[in-house]
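> mind looking at a prediction? Sequence and model below.
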Amino acid sequence: QVQLVESGGGLVQAGGSLRLSCAASGRTFGNYAMGWFRQAPGKERGSVAVISWAGGTIVYADSVKGRFTISRDNAKNTVYLQMTNLKPEDTAVYYCAATMGFRRATLGEIDYWGQGTQVTVSS
């Protein structure tokens, strides 16, 4: 069992930056691929970034490449999403996710979800 708690969301102006954190409980955090997903009003939840259990493989959505960086610290059971040059279209609820298997994570087959944190980017 893994419990995920996100933090770091908020209101920021376009062009600004935010860093999201996701703290995981459980001793097997290092076994899971981790990801950040987002859902805007009226839209389906979609993948933002996924990182393998050791951090060696990362996949980003095209819309965030070059602006967002996912990372993880397995010693702290934490995954991060550094977001820069934020745009109004980045406004969404951001969810942390954990899955056994990197490929499953990229396909959105998620074993555990966090509760979500709101990110709002004003123009």
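Sure thing, it's come through.

> list the contacts for residue 62?
Residues in contact with residue 62 (CB atoms under 8 Å, 6 or more residues apart in numbering): none are found. C-betas here are computed from N, CA, C, even on glycine.

> and it, how far from residue 33?
From residue 62 across to residue 33, the span is 20 Å (CB to CB, to the nearest Å).

> go on, residue 7?
Counting by CB to CB, the gap from residue 7 to residue 33 is 21 Å.

> quick check: nearest residue in space to residue 26, chain neighbours excluded?
Once flanking residues are discounted, residue 26 sits nearest to residue 2: 4.5 Å by CB to CB, 6 or more residues apart in numbering.

> test my guess that the one you found contacts residue 23.
No: judged on CB atoms under 8 Å, residue 2 makes no contact with residue 23 at a distance of 10.8 Å.

> the two - which one has more neighbours?
When neighbours are counted by other CB atoms under 10 Å, residue 2 comes out ahead of the other of residue 2 and residue 23, with 21 against 16.

> the more buried one: which element?
When elements are defined using DSSP states H and E, residue 2 is found to belong to no helix and no strand.

> what's the distance between it and residue 30?
Going from residue 2 to residue 30 by CB to CB gives 11 Å.

> what number of residues lie near the nearest residue to residue 39 once chain neighbours are set aside?
Among residues not flanking residue 39 along the chain, residue 45 sits closest, at 4.0 Å (CB to CB, 6+ apart). Neighbours of residue 45 under the rule other CB under 10 Å: 17.

> re earlier: pLDDT at the residue nearest to residue 26, what is it?
We note a pLDDT of 91 for residue 2 in this prediction.

> noted, bye for now.
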